[in-house]
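# sequence unknown, structure follows:
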């Protein structure tokens with residue numbers, strides 16, 4: 001049992017405190033058997049294990065969109081981009097994602113799992129205890145399954161929670177004719193994923209240089225028929241009708257949305273589909289950011305995530321994603337309070353984790369203690385780790 005006293009507690013449960021963050025200005029919390037046992041204002045009965053001295057205690061972050069399982073590196077590609085090459089030009093020339101595909105195919109399942117676990121623990125130190133991790137760098141049935149097995153292996157060894165996604169429509173293999181590659185993915189890879197990982201979310205990347213709209217829809221319709229939920233990378237560079245189709249089909253999420261216009265974002269906001277905004281990509285690639293302000297103002301289920309990957313978002317830090325979102329994601333951008341909801345409670349619910357993302361009695365004791373006395377410092381101060389301590393299931397990480 002652990003008792004923390006004298007904390008500014010963000011419960012993320014409005015029934016327990018003030019505002020959308022459920023703030024208890026000065027209170028105490030008790031972790032017992034891996035759960036939140038009590039959370040109250042004032043002083044605890046008896047002694048406390050930790051005196052927070054007014055610092056912020058809040059739910060740990062939930063990073064709901066990453067490509068954290070990979071091998072190799074993309075620093076040469078970044079140098080080419082600095083010299084003027086665009087991300088899409090590199091992709092069309094067989095670079096970009098294909099560089100990572102080649103490295104992943106050459107790596108063993110054990111190597112991929114070990115590399116992933118190292119990254120997961122870096123993320124944990126930055127306050128993230130739940131990480132969604134996609135496959136998508138295999139581009140063959142055997143290599144996609146190898147990635148998913150590596151993700152499962154790392155998840156079993158990780159102190160937190162790993163949620164796998166089968167991103168089998170991520171890119172095209174330039175060494176395989178397009179039609180044959182699409183058919184193999186839909187007719188062979190998808191059934192193999194269904195057999196070994198039933199119910200796992202299926203994802204794809206809808207862009208002219210990747211999967212076309214009609215190809216995505218065939219993949220997703222067959223995935224849904226096989227019992228999978230669906231997510232999609234949509235409108236990163238091109239608005240090609242994928243968001244509209246995802247809303248019609250009730251997808252779990254539409255992710256990116258940098259190229260979506262205001263009317264389309266309003267449609268997303270009115271739907272039950274989550275909007276996942278990825279500002280680290282805009283920072284690293286092209287300074288284009290999704291308009292999270294429009295999404296929030298119209299009631300969207302907004303999530304922020306790092307999109308951690310070796311090419312377009314080499315960033316494991318949810319605090320950095322918050323700092324960027326509160327500067328660039330809309331005019332005016334979203335507030336720190338809105339960003340905190342979008343990195344804790346909302347993504348936890350999207351991933352089906354009802355016991356995470358809040359500090360309510362009965363919830364899993366996944367919490368972080370910040371160095372700061374104000375949660376707004378998560379957005380205001382950047383470049384350093386704001387997290388002093390992390391607990392996973394009540395245990396100090």
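Structure's in. What do you need? Source: prediction; values computed, not measured. Numbering: from 1, shown residues only.
# Low-confidence regions, this protein specifically.
Low-confidence segments of the chain, defined by pLDDT under 70, are located at 87, 91-95.
# Centroid-wise, who is the farthest residue in it?
The outermost residue of the chain, judged by C-alpha distance from the chain's mean C-alpha position using Cα atoms, centre = their mean, is residue 46 at 39.3 Å.
# who does the closest residue to it other than its chain neighbours bridge with?
Distances taken as Cβ to Cβ, 6 or more residues apart in numbering place residue 3 nearest to residue 46, at 7.7 Å, with adjacent residues excluded. C-beta: built from backbone N, CA, C; applies to glycine. For residue 3, the beta-bridge partners under DSSP bridges are residue 30.
# so how many other residues sit close to residue 3?
Burial of residue 3, expressed as a neighbour count using other Cβ atoms under 10 Å, amounts to 18.
# How is the chain partitioned into domains?
By the assignment in automatic domain parsing, the chain contains the domains 2-59+357-396, 62-350.
# tell me the most buried of those?
Ranked by average neighbour count under the criterion mean count of other Cβ atoms under 10 Å, the domains of the chain are headed by domain 62-350 at a mean of 21.
# Kindly check the end-to-end length of it for me.
The straight-line separation of the ends of domain 62-350 (Cα to Cα, to the nearest Å) is 10 Å.
# Hmm, residue 306 and residue 320 touching each other?
Yes - counting by Cβ atoms under 8 Å, residue 320 touches residue 306, with 7.5 Å between them.
# Between those two, which contacts overlap?
Jointly contacting residue 320 and residue 306 under the rule Cβ atoms under 8 Å, 6 or more residues apart in numbering are residue 280.
# do you know how far the residue nearest to residue 270 when sequence neighbours are not counted is from residue 268?
Spatial nearest neighbour of residue 270, chain neighbours left out: residue 298 (6.6 Å); criterion: Cβ to Cβ, 6+ apart. Counting by Cβ to Cβ, to the nearest Å, the gap from residue 298 to residue 268 is 8 Å.
# that older thread, help me confirm that the residue farthest from the centre of the chain is found in a helix?
No - Residue 46: not assigned to a helix; according to DSSP: H, G, I helix; E, B strand; the rest coil it is coil.
# mind listing what residue 366 touches?
Residue 366 sits next to 59-60, 129-130, 160, 356, 391-393 when contact means Cβ under 8 Å, 6+ apart.
# I misspoke; the intended subject was residue 221.
So, once contact is read as Cβ under 8 Å, 6+ apart, residue 221 ends up touching residue 249.
# Under a three-state scheme, what state does the residue lying closest to residue 261 once chain neighbours are set aside occupy?
For residue 261, ignoring the flanking residues on the chain, the nearest one in space by Cβ to Cβ, 6+ apart is residue 239 at 7.0 Å. With three-state DSSP as the basis, residue 239 sits in coil.
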